[in-house]
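Colleague: Whatever this is, show me its structure:
(chains A and B)
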Protein chains: 2
Amino acid sequence: MGARAGGGGLELRFGSINLLLLLIFFITSLFLNVYFIFFFFSYSSVFSPWSVPGWSRSAAEEAEAVAAISCSGHGRAFVDGVMIDGRPSCECNTCYHGSDCSLHSVDCPADADSGNPLFLEPYWYRHAKGSAVVVAGWHRMGYVTTGENFISVELERHIRMLHRNVGNAVADDRFIIFGAGSTQLLYALVHALSPHNSSSPASVVASIPYYPVYRMQVDLFDSKLAEWRGVTSNWVNESSSSSSSSSDGSMNNFIEFVTSPNNPDGLLKHSILGGSSVIYDYAYYWPHFTAIPAASDHNVMIFSSSKLSGHAGSRWALIKDEQVYKKAIEYMKLNTMGVSRDTQLRMLKIIKVILAENGRKGDIFSFGYQTMRERWTKLNKVVSKSRRFSLQTIPSQYCNYFKTIRGPSPAYAWLKCERDEDQECDVVLKNAGINGREGSLFEADDRYVRLSLVQTQDDFDQLVQKMDALVSDHQSISSV
Amino acid sequence: MGARAGGGGLELRFGSINLLLLLIFFITSLFLNVYFIFFFFSYSSVFSPWSVPGWSRSAAEEAEAVAAISCSGHGRAFVDGVMIDGRPSCECNTCYHGSDCSLHSVDCPADADSGNPLFLEPYWYRHAKGSAVVVAGWHRMGYVTTGENFISVELERHIRMLHRNVGNAVADDRFIIFGAGSTQLLYALVHALSPHNSSSPASVVASIPYYPVYRMQVDLFDSKLAEWRGVTSNWVNESSSSSSSSSDGSMNNFIEFVTSPNNPDGLLKHSILGGSSVIYDYAYYWPHFTAIPAASDHNVMIFSSSKLSGHAGSRWALIKDEQVYKKAIEYMKLNTMGVSRDTQLRMLKIIKVILAENGRKGDIFSFGYQTMRERWTKLNKVVSKSRRFSLQTIPSQYCNYFKTIRGPSPAYAWLKCERDEDQECDVVLKNAGINGREGSLFEADDRYVRLSLVQTQDDFDQLVQKMDALVSDHQSISSV
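Modeller: The predicted structure is shown next:
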């Protein structure tokens, strides 16, 4: 490159290759700028340095910042968690503590008592994008819902789609009620099925072992409309008439609870009395926990979001009879004036995600089944090391959803202490550092203990570890 | 510019000014590139083309897109609204319809019946940013809350702050229960205050005119623990003993409901019986609706989110007595197993926004008071045009929150038909195209009608318009 003064200005003799390179870089730079500008305008609804940022942005940033807080894989932080040092604190799994949940407590008992459905938490971490929902400050401030009687039209529509896809219940030509919390609908239906103009209350029954809440509700609410009358099998003769509930106040006013698969033993059940006032509690009737032999078709069927998606706290009912439906709605109206619109919005999102993946390899039911099957297999392996304990037997069965025969994957282990002297099985376990739920709570023998298998992987690992130690202790002491 | 072939490559003689310009543009473009790159990295938590976009982004985009749907100011769309043409449809205010709510129905009656607290909707549009909340797919999936007994620690803390700031209740040294829906806590407390080991049920009473749900709940739930015994004043002699509820099953087991300010007439009330089992329903005891003369200090005080922030569907109670608190929790446990975690998260956000503005000129109480005062003034102006109707008189009073004397701004008008022949006031109004709630529902005379003033501006405008027409009709017919 050289310079030569002369005629009309300085002439720079620029190397031709240098000039070519300069032009290339310049054009590249220009293209890059055009790209950036185009990008900004495309996404200006979310973010743009030239217009006012979206109103939802700070809520989004807040949620993502909290989600990024590390709790060492043994806990998690939430937006509304207890504030420590200006940010929500980690909420640790059982037996873990410390500001990032990395410290393990040595002599801490395993929690196999509670039914917190956290085994599905990892699934929702993987589906963070689709399952998040923004609730605006003005979202559904009134009592009004798009559908009649407190339900959202879209939520109702998606629940029907879900039942159709999974094939576990006939949902068409049914009324749907969405209940508040996990227990409201159970009693709302006892209330709705009770005869309101009879001199004697309805008799509420269930088969042993049964979910204690059925009895506790009837006892606590102590209504004149319904009384707890104990075990179903005791009343088979009394209600052998196949007619529906009579209004003459006779002893034919039975309301039978049937839980299928059952809590605590995981077996599929059917009505014993065969009357018309049967409440089928299908909380666990999803492919996570049981084969789906057929789409159930009964008058009153209750499902639970807790055991479907892991989100504790909502149930819905499919009801054939309009009168029963109306009475249940009346109860709900006066009990809670309907259901949280925030919860209905969230459940709609959750169910949409489930439906989007339905039938595919990584769908929630595959994930749930694989997790529960693995846990059941592991626990069986440990328990079968000795004869001190036994677990319930659940047959393999053809599943209409997975279109194959599948092994058991129940939500709970219904453990039995086989040794004569182990009459209080929950005490035996407690002494070995395992908290379970004693059989007498389900009106069964205290030789039985319910062990929850639905919690976090940490909870399950701790259960297996302590169980293994307990069984090994026995092996070393007694002869096998 | 020229070209000269020769030695080792093409030499381009580029004009020096052109080269200078090229260099200037290139450097400018480079700076722009650097700026854009820096910008992206600063905001990459929200958006970045090089890293995975934030998982909350699509939820944020969805919510903002729906919020931007125009409903002509006479409605709004929600994320979970009924889908029409691939997007949520507008949900229109009463008497408006059409895909964008711009069409007004001519002969449509004004809705002054329902208590949907939508008068606060504009406040939340203005506070869109602070009041939005992102609910992650894995948010609080279990039954567990950070506090004991179903309440979030942070929510509880903020409720106490709120009462302290507003000065409407003593919240320290009190247990707090957060209830599901707007009616659950009312009955939970009837249940908790009832004697559980007495031969005779508790007697539930209220003063006319009273909120019908109190009676309807007791009647419908038909428990052996409590019975509706009607009007408080009838029982003054029976319970004149000032001792607390006796366990001998005598007639001293009174549970008195006191609503203050009262629904429907907006007057501040006190207990008549003066017993210890008084449930103070303070749903309306906020500066929107009444002067706050003092911080209330009773055993059982219930508040409502619906009438505080406009978000229908939650109540909380401040309780002194631990036994009462425990019994109420037991009821809630079996009734709904606690309260929606989604709702608690949302209410925390809402209350934070309210607290952030507390005491400032544009705070929610100023906004609410100004809106309700204006409506009350307008309605009074119309009604006082003739002697056919009258409204309740509420005295101006000193308010400890606004630190000044303030005029009335009740949630409801308790309208009375003064003409002899207008014995069924609700029918008179219905014929004039106004739907109100008849007095007999509150166990008062049917000369009274409750008109709701808390709904949208459209609802209020339509009410005033029809009222004006009705009053003017009367004027033109009869002599003034």
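Colleague: show me the contacts for the residue lying closest to A:V166 once chain neighbours are set aside.
Modeller: Computed as C-beta to C-beta, 6 or more residues apart in numbering or on different chains, the closest residue to A:V166 that is not its neighbour in sequence is A:Y401, at 5.7 Å. To be clear about C-beta, it is placed using only N, CA and C from the backbone, and glycine gets the same treatment. A:Y401 makes contacts with A:166-168, A:287, A:292, A:365, as judged by C-beta atoms under 8 Å, 6 or more residues apart in numbering or on different chains.
Colleague: now with 6 Å?
Modeller: Going by C-beta atoms under 6 Å, 6 or more residues apart in numbering or on different chains, A:Y401 touches A:166-167, A:287, A:292.
Colleague: How many residues are close by A:V82?
Modeller: 16 (other C-beta atoms under 10 Å in any protein chain shown).
Colleague: Could you do A:L355 as well?
Modeller: A:L355 has 17 nearby residues by other C-beta under 10 Å.
Colleague: Distance of whichever residue of the stretch 301-450 of chain A sits closest to chain B relative to B:M347?
Modeller: Of the residues in the stretch 301-450 of chain A, the one nearest chain B is A:T336, at a distance of 2.7 Å by C-beta to the nearest C-beta. Plainly put, A:T336 is 15 Å away from B:M347 if you go by C-beta to C-beta, to the nearest Å.
Colleague: how about the residues of the stretch 201-350 of chain A near chain B?
Modeller: A:216-217, A:220, A:222-225, A:310-313, A:334, A:336-337, A:340, A:342-343, A:345-346, A:348 (C-beta under 6 Å from any C-beta of the partner chain).
Colleague: From the residues you listed, list just the buried residues.
Modeller: A:216-217, A:220, A:222-223, A:225, A:310-313, A:334, A:336-337, A:340, A:342-343, A:345-346, A:348 (16 or more other C-beta atoms under 10 Å in any protein chain shown).
Colleague: which stretches of chain A have low pLDDT?
Modeller: For chain A, applying pLDDT under 70 flags the ranges A:1-14, A:41-53, A:238-252, A:474-480.
Colleague: what's the longest helix in it?
Modeller: In chain A, taking DSSP state H as the definition, the longest helix is helix A:16-42.
Colleague: now that one, how far from the centre of its chain.
Modeller: Its chain's average C-alpha position is 52 Å from that of helix A:16-42, according to C-alpha atoms, centre = their mean, to the nearest Å.
Colleague: Can you list the buried residues in it?
Modeller: For helix A:16-42, by 16+ other C-beta under 10 Å, it's A:19, A:22, A:26, A:29, A:32-33, A:36, A:40.
Colleague: cool, and stretch A:140-149?
Modeller: A:140-143, A:145-147, A:149.
Colleague: Straight-line length of it, end to end?
Modeller: Using C-alpha to C-alpha, to the nearest Å, the end-to-end distance of stretch A:140-149 comes out at 15 Å.
Colleague: can you check stretch A:389-409 too?
Modeller: Start-to-end, stretch A:389-409 (C-alpha to C-alpha) is 19 Å.
Colleague: Would you mind listing the buried residues in it?
Modeller: A:389-392, A:394, A:399-401, A:406, A:408-409.
Colleague: Narrow those residues to those in helices?
Modeller: Going by DSSP H, the helices hold none of the buried residues of stretch A:389-409.
Colleague: Show me those residues that map onto strands.
Modeller: By the criterion of DSSP state E, membership of those in strands covers A:389-390, A:399, A:406.
Colleague: Which pair of the residues you listed spans the longest distance?
Modeller: Between any two of these, the greatest separation by C-beta to C-beta is 28.0 Å, found for A:F389 and A:C399.
Colleague: so where do the strands sit in the stretch 351-480 of chain A?
Modeller: All strands of the stretch 351-480 of chain A, identified by DSSP state E, counting those that start in this stretch, fall at A:389-390, A:397-399, A:404-406, A:412-417, A:434-435, A:437-438, A:448-452.
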